[in-house]
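Asker: Just to be clear, the model below is a prediction. Sequence and coordinates:
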Amino acid sequence: MRRRLINSTLAVVLVVIAVFGISLVIVETRTIENSAQESVDSEAVRLVSIVDSRLLGGERVSARVLGNQITPNRYARIEMPGKKPVEVGKRPSGDVIEARERGEEGETVIVQEPASTVSGEIGRTLLIILAVALLAVIAAVLLAVRQARRLTAPLTDLAETAERLGSGDPRPRHRRYGVPELDRVADVLDSSAERIGRMLTAERRLAADASHQLRTPLTALTMRLEEITATDDPATVKDEATIALGQVERLTDVVQRLLTNSRDPRTGSAVGFDLDEVVKQQIEEWRPAYRNAGRIIVRSGKKGMRAVGTPGAVAQVLATLIENSLMHGAGPVALRTRVTGNQVVVEVTDEGRGVPPDLGSRVFERTVSGRNSTGLGLAVARDLAEADGGRLELLQQHPPVFALFLSRESGAQDQDEVTSSG
């Protein structure tokens, strides 16, 4: 493209120089020829007036007297009646420019100038025109090269940006080139880079969340299957299989929830549900793991509460808190349910060291962890809670107290108010 721009610019310049150069040569040639002819005519008139004045005064007309009155390189011949012609200068050979004037005393003055003088001046003018044309061509080449670089460099840069996008590097470059059309392309590429970056971030986040959030239900499911393989009692096998099927259903709900949150973290499917059932289910699922660790998991607080949310998401949030207590805490783990205003609260606490002081305000950020873990669990748990209008908070760092706040179902609130009035 650069070569095409240079060639096209040069072609335009050469055409312009050719058209105007030829016209200028023709005009200058005629101007020089006319100027030379006028100069010879003027000199002939001047010599006639000098000869007339001398003849009238009875003075002698000779080559010595007129020698200083004629321009060098010119030839003059004065023909007077009854006298010998007077010649001044060397008579030119070849083509000449001639002027002939007749005086009042009957004399004739002939002035000649070699045509080569005019040709030399025309040649010098042509050289000047050619030099100017050459300078114009050189300037045009430099300008064409600069313009070609100015136009092709952004295109090369845009091509590199597109190649970077194709290779998986979606960082926008935010470069502009002062050319509206190219800047428009750069805007589109930057917008595309930002969209691709957001999509890649969402995909990576989904993969990380899925790998982390699926680990807990899969671990619990594995424990159930181990219980089944370790017993020969058909009744126990049936009970454990029923619980395992329930865990598979919740696992499916977790996957669906992760996919939904990856599209829109604020998209929820909140319904009224029995909070006691979810808490009981989590305690039953995690009791074998705590028993194997030599610890216990207990529940206290208000019962018979109904909350608004997604049961699967609430179960996943509680599972994350319970697993964190199992991995990082110590002593018994307690789940306490209570009511505050129009909200129900589930608190999870243990007797461990708790959250380090420097991580208290950042514990819910992704990749933030004080125990060499991934740092995703609490961040994903908070997203799941907020998707249904709830919230997950750290109420106390030592001993650690995490609280899940959920809206109360309106019917349950009305029933409490009636009970209180009674």
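Answerer: Cool, got the structure.
Asker: Quick one: list the elements packing against whichever helix or strand Thr29 is part of.
Answerer: Using DSSP states H and E, Thr29 falls within helix 2-56. For helix 2-56, the elements it packs on are helix 63-66, strand 75-79, strand 96-102, strand 108-114, helix 115-166, judged by 3 or more Cβ pairs under 8 Å, 6 or more residues apart in numbering; DSSP states H and E. Glycine gets a C-beta too; all of them are placed from N, C-alpha and C.
Asker: Please identify the most buried of the ones you listed.
Answerer: strand 108-114 (a mean of 21; mean count of other Cβ atoms under 10 Å).
Asker: Please identify the pairing partners of it and their relative orientation?
Answerer: strand 75-79 (antiparallel), strand 96-102 (antiparallel) (DSSP bridges).
Asker: State the number of residues packed around Gly94.
Answerer: 7 (other Cβ atoms under 10 Å).
Asker: wait, doesn't it sit right on Glu113?
Answerer: No. Look at Gly94 against Glu113 with Cβ atoms under 8 Å: they stay out of range, at 11.6 Å.
Asker: mind putting the strands paired with strand 108-114 in CSV, mean pLDDT and distance to Ser42 included?
Answerer: Shown next, in CSV, are the strands paired with strand 108-114 (pLDDT from 0 to 100; distance: least, Cβ to Cβ, whole Å):
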stretch, mean pLDDT, distance to Ser42
strand 75-79, 89, 13
strand 96-102, 90, 8
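Asker: Which one of those lies nearest to Ser49?
Answerer: strand 96-102 (9.2 Å; Cβ to Cβ).
Asker: so how far is that closest one from its chain's centroid?
Answerer: 78 Å (Cα atoms, centre = their mean, to the nearest Å).
Asker: Send me that strand as PDB with only the CA atoms.
Answerer: C-alpha atoms of strand 96-102 as PDB (Å, rounded to 0.1, in the frame of the first residue of the first chain):
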ATOM      1  CA  VAL A  96      19.200  37.000 -36.600                       C
ATOM      2  CA  ILE A  97      16.600  39.300 -35.000                       C
ATOM      3  CA  GLU A  98      16.400  42.400 -37.100                       C
ATOM      4  CA  ALA A  99      14.800  45.800 -36.800                       C
ATOM      5  CA  ARG A 100      14.700  48.400 -39.600                       C
ATOM      6  CA  GLU A 101      13.900  52.100 -39.200                       C
ATOM      7  CA  ARG A 102      13.800  54.900 -41.700                       C
END
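Asker: Of the strands paired with strand 108-114, which is nearest Gly329?
Answerer: Once the strands paired with strand 108-114 are compared by Cβ to Cβ, strand 96-102 is nearest, at 118.1 Å.
Asker: Report the inter-axis angle for the closest one versus helix 115-166.
Answerer: Counting by axes from the mean of the first three to the mean of the last three Cα atoms, to 10 degrees, strand 96-102 points 130 degrees away from the direction of helix 115-166.
Asker: which other residues reach strand 96-102?
Answerer: 36-37, 40-41, 43-45, 47-48, 108-115, 118 (Cβ atoms under 8 Å, 6 or more residues apart in numbering).
Asker: quick one: contacts for the closest residue to Glu43 other than its chain neighbours?
Answerer: Once flanking residues are discounted, Glu43 sits nearest to Val111: 5.1 Å by Cβ to Cβ, 6 or more residues apart in numbering. With contact taken as Cβ under 8 Å, 6+ apart, Val111 is in contact with 40-41, 43-44, 47, 70, 74-76, 98-101.
Asker: check which helix or strand covers the residue located most distally from the centre of the chain.
Answerer: Centroid-distance maximum for the chain: Gly82 at 98.8 Å, with Cα atoms, centre = their mean. Using DSSP H and E, Gly82 sits within no helix or strand.
Asker: Just the pLDDT for it.
Answerer: With respect to pLDDT, Gly82 has a value of 81.
Asker: Distance check, it against Val401.
Answerer: Plainly put, Gly82 is 145 Å away from Val401 if you go by Cβ to Cβ, to the nearest Å.
Asker: One more: Tyr177?
Answerer: Distance, Tyr177 to Val401, using Cβ to Cβ: 57 Å.
Asker: Same question for Ala63.
Answerer: Plainly put, Ala63 is 132 Å away from Val401 if you go by Cβ to Cβ.
Asker: Neighbours of Val298, how many?
Answerer: 12.
Asker: Show me the beta-bridge partners of the residue nearest to it when sequence neighbours are not counted.
Answerer: Ranked by Cβ to Cβ, 6+ apart and with sequence neighbours excluded, the top spatial neighbour of Val298 is Ala334, at 5.4 Å. Beta bridges link Ala334 to Val298, Thr349, judged by DSSP bridges.
Asker: got a list of what Ala334 touches?
Answerer: Ile297, Val298, Arg299, Ser300, Glu347, Val348, Thr349, Asp350.
Asker: so can I have TSV of these showing pLDDT?
Answerer: Formatted as TSV, those follow (pLDDT from 0 to 100):
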residue	pLDDT
Ile297	94
Val298	94
Arg299	94
Ser300	93
Glu347	96
Val348	96
Thr349	95
Asp350	94
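Asker: Glu28: which of these is nearest?
Answerer: Closest to Glu28, out of all of the contacts of Ala334 and judged by Cβ to Cβ, is Val348, at 100.5 Å.
Asker: Identify the residues contacting the closest one.
Answerer: For Val348, the contact set (Cβ under 8 Å, 6+ apart) comprises Leu318, Leu321, Ile322, Ser325, Val333, Ala334, Leu335, Val401, Phe402, Ala403, Leu404.
Asker: how about a cut-off of 7 Å?
Answerer: Leu321, Ile322, Ser325, Val333, Leu335, Phe402 (Cβ atoms under 7 Å, 6 or more residues apart in numbering).
Asker: What of Thr231?
Answerer: Contacts for Thr231 were tallied using Cβ under 7 Å, 6+ apart; they are Val237.
Asker: Check Arg176 too.
Answerer: Residues in contact with Arg176 (Cβ under 7 Å, 6+ apart) are Asp183, Ala186.
Asker: Give me the three-state assignment for it.
Answerer: Recorded secondary structure, Arg176: coil (DSSP: H, G, I helix; E, B strand; the rest coil).
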